[in-house]
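Asker: Give me the fold of what follows.
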Amino acid sequence: MMEILWQDLRYGWRTLRRSPAFTIVAVLTLAIGIGANAAIFSVVNAVLLRPLPFPDSRRIVWIWETDENRNVHRGTASPAEFLDWRDRNHVFEELSAWRQLFFTVTGHHEAEQFWGAQVSGNFFRLFRVRPALGRDFLSEEEQPGQERVVILSYGLWQQRYGGDRNVLGASITLDGKPYTVIGVLPRGFSLFGTSRQFDLWVPFAFNRAQLNREDHELIVFARLRDDVGTPQAQAEMATILAELKKEYPKVDQNNGILVTGFHDDIVSDKRPALLILLAAVAFVLLICCANVANLTLARGTAREREIALRAALGANRNRVLRQLLTESMLLALIGGILGVFVAFGGLHLLRTLLLLDLRDEQLCHRSCKLILSSDMIVQFLIDASELLLGKSSCLCPLLYSHRVVFEAFAIPFIGINATLFFLFSNLPLILQNRRAGDLVRETCH
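Answerer: Numbers count the residues shown, from 1 in each chain. Predicted coordinates:
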């Protein structure tokens with residue numbers, strides 16, 4: 001059996017070499033169709049389908065203040081409001097505040113400036129992220145006088161401190177003030193995944209007696225309880241806001257509140273464009289399928305005598321079909337390999353376009369990393385594309401050599417294959433991503 005397969009492969013290779021024009025055009029057509037579809041779906045898969053790289057990330061939400069009169073749909077909260085929300089709600093497992101800062105680090109090395117963040121003590125517990133080295137913040141470190149502790153990013157730990165474990169417990173100077181290093185975050189951790197990384201993390205020190213309700217500077221994250229949905233959380237937060245308006249009548253009475261999914265909110269403005277782009281490359285696949293079928297039909301005219309001669313010499317229908325199938329799969333394999341390179345080139349181009357067009361800090365830059373990683377679904381998509389195009393290519397000459405059969409079944413066959421090709425190319429969107437829960441485990445453990 002292997003000897004026959006090897007013979008078919010050698011004969012198929014010689015046949016393709018004898019028709020260089022057909023081979024080049026067919027291979028390029030396959031490569032463009034497969035590569036474009038794989039590239040675009042990789043982006044869609046990374047941005048729209050995959051959850052964020054945190055355990056049970058679909059329960060992570062944002063809480064925004066709104067004000068329709070001022071056209072504010074995503075407003076930040078004041079520290080006093082945040083503490084009231086955290087104390088009064090019954091729908092969130094954790095509620096945490098975040099704001100970005102810019103630190104100047106001095107001592108041990110030359111002074112350098114790094115982006116950092118100030119967070120409430122339960123921030124990393126909300127995201128279920130554990131430090132790779134050292135410990136997390138403690139609740140008491142939110143108190144004034146206890147907040148002089150810092151957690152380093154993995155990149156800063158390697159870059160500035162050479163991965164030295166003795167940095168734990170050491171004192172570093174941030175903006176002229178001493179802080180004690182208590183931990184190092186896991187490699188690859190990124191809150192938004194943006195090109196701007198936050199390398200220094202320090203806790204808030206809330207002094208309730210001095211909080212200003214008009215000082216809106218905090219982005220608020222929350223994790224829903226297991227038995228609570230976003231509508232229920234929205235209703236409770238609206239009730240809490242109404243109570244606070246009665247207690248503090250001097251505060252802006254036009255403010256509203258919005259609870260929205262973290263991931264959904266990040267990708268909401270990118271979804272329409274990406275889905276349109278995906279639909280466009282799906283039609284490109286249909287065109288490629290039709291073109292390859294037409295090329296093969298044209299080539300079948302020249303091979304009609306060859307197939308008839310082989311049948312006259314005793315080759316049965318199954319033997320001829322096996323040979324044509326081998327030739328077609330060889331062509332599909334070459335086109336698929338070239339399509340992988342087209343896909344990678346397209347991914348780099350798409351990454352550049354995304355970074356130029358989507359500069360907001362809520363952009364999930366994580367998607368630009370994931371599109372370059374191996375993915376079982378994208379691999380399945382490439383394999384299915386090769387298989388279906390290969391089937392279309394191999395059967396057309398045989399059908400053409402039997403004209404009655406061809407006239408009855410060839411055109412419907414091409415249409416069915418084109419339809420199947422379209423469905424296979426979009427199947428992952430329909431089925432969802434079954435590997436969603438396995439994403440970036442090392443970030444969380």
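Asker: tell me the domain ranges of this protein?
Answerer: Domain segmentation of the chain under automatic domain parsing yields 2-54+268-443, 57-265.
Asker: now the end-to-end length of the last one.
Answerer: Its start and end residues considered, domain 57-265 measures 13 Å (CA to CA, to the nearest Å).
Asker: So Asn254, which state does it fall into?
Answerer: Put simply, Asn254 is coil when judged by DSSP: H, G, I helix; E, B strand; the rest coil.
Asker: coming back round to it: among the domains of the chain, where is the model least confident on average?
Answerer: Mean pLDDT values for these show the minimum at domain 2-54+268-443, a mean of 63.
Asker: residue ranges of the strands in the stretch 1-150 of the chain, please?
Answerer: 60-67, 72-75, 92-107, 109-119, 133-134, 149-152 (DSSP state E, counting those that start in this stretch).
Asker: Just put the ones you listed in JSON lines and tack on mean neighbour count and distance to Asp264.
Answerer: All C-beta atoms are positioned from the backbone trio N, CA, C, and that covers glycine. Conversion of those to JSON lines gives the following (neighbours: other CB atoms under 10 Å; distance: least, CB to CB, whole Å):
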{"stretch": "strand 60-67", "mean neighbour count": "20", "distance to Asp264": "9"}
{"stretch": "strand 72-75", "mean neighbour count": "14", "distance to Asp264": "13"}
{"stretch": "strand 92-107", "mean neighbour count": "18", "distance to Asp264": "17"}
{"stretch": "strand 109-119", "mean neighbour count": "16", "distance to Asp264": "22"}
{"stretch": "strand 133-134", "mean neighbour count": "18", "distance to Asp264": "33"}
{"stretch": "strand 149-152", "mean neighbour count": "24", "distance to Asp264": "28"}
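Asker: could the ones you listed go into CSV alongside distance to Glu247?
Answerer: Shown next, in CSV, are the strands of the stretch 1-150 of the chain (distance: least, CB to CB, whole Å):
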stretch, distance to Glu247
strand 60-67, 16
strand 72-75, 20
strand 92-107, 19
strand 109-119, 27
strand 133-134, 40
strand 149-152, 33
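Asker: Among the ones you listed, which comes closest to Ser328?
Answerer: Closest to Ser328 of those, according to CB to CB: strand 60-67, at 47.8 Å.
Asker: now the angle from the closest one to strand 92-107?
Answerer: Going by axes from the mean of the first three to the mean of the last three CA atoms, to 10 degrees, strand 60-67 is angled at 90 degrees with respect to strand 92-107.
Asker: Name the residues that touch strand 60-67?
Answerer: 52, 54, 72-77, 81, 85, 95, 126-127, 216, 219-224, 230, 233, 237, 252, 254-263, 265 (CB atoms under 8 Å, 6 or more residues apart in numbering).
Asker: Can I get the buried ones among those residues as something I can paste into PyMOL?
Answerer: Per 16 or more other CB atoms under 10 Å, the buried members of the contacts of strand 60-67 correspond to this PyMOL selection:
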select buried, resi 52+54+72+75+76+77+81+85+95+126+127+216+219+220+221+222+223+224+230+233+237+255+257+258+259+260+261+262+263
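Asker: Of all residues in the protein, which one is nearest the centre?
Answerer: Most central in the chain under CA atoms, centre = their mean is Ala46, positioned 1.6 Å from the mean C-alpha point.
Asker: got the end-to-end distance for stretch 152-170?
Answerer: Taking CA to CA, the first and last residues of stretch 152-170 lie 12 Å apart.
Asker: Doesn't Thr180 belong to a strand?
Answerer: Yes. Assessed with three-state DSSP, Thr180 lies in a strand.
Asker: for it, what are its contacts?
Answerer: So Thr180 contacts Arg148, Val149, Val150, Gly169, Ala170, Ser171 (CB under 8 Å, 6+ apart).
Asker: Kindly recompute the last result at 6 Å.
Answerer: In this structure, Thr180 makes contact with Val149, Ser171, judged by CB atoms under 6 Å, 6 or more residues apart in numbering.
Asker: What segments of the stretch 201-350 of the chain are strands?
Answerer: Counting by DSSP E, counting those that start in this stretch, residue ranges of the strands within the stretch 201-350 of the chain are 219-224, 256-261.
Asker: Between those strands, which one is closest to Ala31.
Answerer: Ala31 lies closest, by CB to CB, to one member of the strands of the stretch 201-350 of the chain: strand 256-261, at 37.8 Å.
Asker: Paired strands for the closest one, with orientation please.
Answerer: strand 60-67 (antiparallel) (DSSP bridges).
Asker: any idea how far the strand it pairs with is from the chain center?
Answerer: Strand 60-67 has its C-alpha centroid displaced from the chain centroid by 23 Å (CA atoms, centre = their mean, to the nearest Å).
Asker: can you state the direction angle for it and strand 219-224?
Answerer: Using the same axes, to 10 degrees: strand 60-67 against strand 219-224 is 130 degrees.
Asker: and the nearest residue to Ile287 once chain neighbours are set aside, how many residues sit next to it?
Answerer: Using CB to CB, 6 or more residues apart in numbering and skipping residues adjacent in sequence, the residue nearest Ile287 is Gly33, 7.7 Å away. Applying other CB atoms under 10 Å, we find 26 other residues in the vicinity of Gly33.
Asker: now Met329
Answerer: Using other CB under 10 Å, Met329 is surrounded by 21 other residues.
Asker: Repeat that for Arg305.
Answerer: Neighbourhood size, Arg305 [other CB under 10 Å]: 10.
Asker: With Trp201 as the reference, measure out to it.
Answerer: Distance of Arg305 to Trp201, computed by CB to CB, to the nearest Å: 75 Å.
Asker: for Val181, same thing?
Answerer: 11 Å.
Asker: Which one of the two is surrounded by more residues?
Answerer: Between Val181 and Trp201, counted using other CB under 10 Å, the more crowded position is Trp201 (25 against 21).
Asker: ok so, going back, can I get the strands of the stretch 201-350 of the chain in JSON lines including distance to Leu156?
Answerer: Formatted as JSON lines, the strands of the stretch 201-350 of the chain follow (distance: least, CB to CB, whole Å):
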{"stretch": "strand 219-224", "distance to Leu156": "22"}
{"stretch": "strand 256-261", "distance to Leu156": "30"}
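Asker: if we compare the ones you listed, which one ends up closest to Leu16?
Answerer: Here strand 256-261 is closest among the strands of the stretch 201-350 of the chain (CB to CB), at 50.9 Å.
Asker: What segments of the stretch 1-150 of the chain are helices?
Answerer: Assigned by DSSP state H, counting those that start in this stretch, the helices in the stretch 1-150 of the chain fall at 2-18, 20-44, 79-88, 123-126.
Asker: got the buried residues for the third one?
Answerer: Residues Pro79, Ala80, Glu81, Phe82, Leu83, Asp84, Trp85, Arg86 are the ones in helix 79-88 that count as buried (16+ other CB under 10 Å).
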